[in-house]
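1. I would like the atomic coordinates for the input below:
(one chain, ligands or ions: 1)
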Amino acid sequence: MESFLASRSVRSSFAAAAAAGSRGCSPRPSRVAILAGARARPLRAGPKDDMLNATELVQWENGKSVNDIAASQGIRIRRHCRPTASLKEIEEELGAPLNILEKIIWDKEIEVAEGLAKKPLKELIEAAAKSPPTRDFYGALEAAYKRNGVPALIAEVKKASPSRGVLRENFNPVEIANAYEKNGAACLSILTDEKYFQGSFENLEKVRASGVKCPLLCKEFVIDKWQIYNARSKGADAILLIAAVLTDLDMKYFLRICKELGMTALIEVHDEKEMDRVLKINGVKLIGINNRSLETFVVDTSNTKMLLEKHGDSIREKGILVVGESGLFTPDDVAYVQNAGVSAVLVGESLVKQEDPGRAITGLFGKELLH
Ligand SMILES: O=P(O)(O)OC[C@@H](O)[C@@H](O)c1c[nH]c2ccccc12
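-> So this is what the prediction gives:
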């Protein structure tokens, strides 16, 4: 990994992120916020000026807080950037979280800071370098679509969700993953968020170690590069990046890290504004259209159709593969999103809720999928 750290592209991506004021929260963003007169103000005295880091200095110079930068791109989810403050203190500043996604992200900021304190980035970079090479997530989807003539399946190992509660009481991630693979899933998605989805990185590791050959997507709420290295070190081949949460610069930066690690990024969009932003970013190969709003939980499969009617041409021109996500239960649902233009589907609930999640695949597609 030394060569990775030393490589010019990585060093320059770190520099680029700092220079452009990336939203990766600095340790003391509240200091910047007060300087910029922004929404988030400090709870306690900040460091001396000469201790400000590069990101903070640029933000100070630009007069913008991390939330101002995000809002200027149409992002509604705010960061509190204060991992050591109590929820009460955070809410005194920002009010209650506006929706469930914002709540998840506020918790994630604290979780990532705690993770970083336990396992420094350098350690994870080294661990990621030592893990077995990645499997080709994009290639597996492309090949399965060609082979079967129906959208390739990313089958999700999902115990629970904030909108649906517990989906499966007797939850054995390795058994489910094996059943999915045996029944023709092209790739697997492993939820790792513990608090809201009852997932874990342990599940990801266990599935990877179980002999499953499918490429694995780490289904996380990524807000920091630390999480990407963590995912890779635990065997992930792909990672989810959610456009509703990440600024353009964050997405570009994280895409670059994925490329260096040989990982595929699945970039998730839900509305037109997000689709517009993502289509302007170079190097995007895989876009997921989520039929479920992570802010309201409303599921509407016509969302996929509407977005592809408007943007299908430019997506095809760029050779981007589209994944239809969430709320798919029947062969008609799959045919509907296929006709809209997706080449893959991401399915959790309708498979995991059934007694035999492997056999449920045949029910979902109306036919057997071949490997
Ligand atoms: O269980 P469903 O409705 O088949 O959905 C699966 C998947 O699309 C959903 O879990 C999902 C899509 N995007 C996400 C982002 C975070 C957490 C979960 C998700």
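2. going forward, measure contacts and count neighbours with C-alpha atoms only.
-> OK.
3. Could you list the residues of the chain in contact with the ligand?
-> Contacts of the chain with the ligand, taken as Cα under 6 Å from any ligand atom, map to 290, 325-328, 346-350.
4. Widest-spaced pair of those?
-> Using Cα to Cα, these reach their maximum pairwise distance at Asn290 and Ser350, which is 15.4 Å.
5. Only the C-alpha atoms, please, for stretch 324-332, written as CSV.
-> Extracted C-alpha coordinates of stretch 324-332, given in CSV (Å, rounded to 0.1, in the frame of the first residue of the first chain):
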residue,chain,number,x,y,z
GLY,A,324,-33.6,-0.2,-10.3
GLU,A,325,-33.7,-0.2,-6.5
SER,A,326,-36.4,-0.9,-3.9
GLY,A,327,-40.1,-2.0,-3.9
LEU,A,328,-39.9,-4.8,-6.5
PHE,A,329,-42.1,-7.8,-5.6
THR,A,330,-43.4,-9.4,-8.8
PRO,A,331,-42.3,-10.4,-12.3
ASP,A,332,-44.5,-7.5,-13.5
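6. tell me how far that stretch is from the chain's mean position?
-> 20 Å (Cα atoms, centre = their mean, to the nearest Å).
7. so what's the most centrally placed residue in the chain bridging to?
-> The chain has Leu240 as the residue nearest its centroid, 2.6 Å off, counting by Cα atoms, centre = their mean. Leu240 has these beta-bridge partners by DSSP bridges: Leu266.
8. Pull up the per-residue confidence for it.
-> Predicted confidence (pLDDT) at Leu240: the value is 98.
9. How about the contacts made by it?
-> 217-222, 265-268 (Cα atoms under 8 Å, 6 or more residues apart in numbering).
10. Check Gly358 too.
-> 176, 179-183, 351 are the contacts of Gly358 under Cα under 8 Å, 6+ apart.
11. Nearest residue to Thr304 in space, please, no chain neighbours.
-> Ile289 (6.0 Å; Cα to Cα, 6 or more residues apart in numbering).
12. Surely Ile125 and Tyr229 touch.
-> Yes: using Cα atoms under 8 Å, Ile125 is in contact with Tyr229, at 5.9 Å.
13. The two - which one has more neighbours?
-> Neighbour comparison, Ile125 and Tyr229: the larger count goes to Tyr229, with 24 against 21 (by other Cα atoms under 10 Å).
14. OK, contacts around the more buried one?
-> Here Tyr229 is in contact with 121, 124-125, 128 (criterion: Cα under 8 Å, 6+ apart).
15. Could you pull out the buried residues of the host helix or strand of Ala140?
-> For Ala140, the host element (DSSP states H and E) is helix 137-148. By neighbour count on 16 or more other Cα atoms under 10 Å, the buried set for helix 137-148 is 137-138, 140-142, 144-145.
16. where does Glu111 land in three-state SS?
-> When classified by DSSP: H, G, I helix; E, B strand; the rest coil, Glu111 comes out as helix.
17. can you count the residues close to it?
-> If we define neighbours as other Cα under 10 Å, then Glu111 has 13 of them.
18. Buried residues, stretch 262-273. List them.
-> Going by 16+ other Cα under 10 Å, stretch 262-273 has these buried residues: 262-271.
19. same thing with stretch 315-322?
-> Quick answer for stretch 315-322 (16+ other Cα under 10 Å): 315, 320-322.
20. how far does that stretch sit from the chain's center?
-> On Cα atoms, centre = their mean, the centre of stretch 315-322 falls 19 Å from the chain's centre.
21. Mind listing residues that contact that stretch?
-> 279, 284-289, 341-344.
22. And that stretch, end to end?
-> End-to-end distance of stretch 315-322 (Cα to Cα, to the nearest Å): 8 Å.
23. cool, and stretch 344-352?
-> The first residue of stretch 344-352 is 18 Å away from its last residue (Cα to Cα).
24. where along the stretch 201-350 of the chain do the strands fall?
-> 216-219, 238-242, 264-269, 286-290, 321-325, 344-347 (DSSP state E, counting those that start in this stretch).
25. Would you mind getting the angle between the third one and strand 238-242?
-> On the basis of axes from the mean of the first three to the mean of the last three Cα atoms, to 10 degrees, strand 264-269 is oriented at 20 degrees to strand 238-242.
26. do the fifth one as well
-> Regarding strand 321-325 and strand 238-242, their directions subtend 70 degrees when assessed with the same axes, to 10 degrees.
27. in its sheet, what does strand 321-325 sit against?
-> strand 286-290 (parallel), strand 344-347 (parallel).
28. State the mean pLDDT of the shortest one.
-> Here strand 344-347 scores 98 as its mean pLDDT.
29. May I see the buried residues of that strand?
-> Residues 344-347 are the ones in strand 344-347 that count as buried (16+ other Cα under 10 Å).
30. Quick check: of these, which lies closest to Asp333?
-> Taking Cα to Cα as the measure, Val345 is the one of the buried residues of strand 344-347 closest to Asp333, at 10.3 Å.
31. which intervals of this structure have sub-threshold pLDDT?
-> 1-60 (pLDDT under 70).
32. do that again at 80, thanks
-> Within the chain, the segments meeting pLDDT under 80 span 1-63.
33. how about the residue in the stretch 51-200 of the chain positioned nearest to the ligand, what does it touch?
-> Per Cα to the nearest ligand atom, Glu156 is where the stretch 51-200 of the chain lies closest to the ligand, at 6.4 Å. Glu156 makes contact with 188-191, 346-348, 352, according to Cα under 8 Å, 6+ apart.
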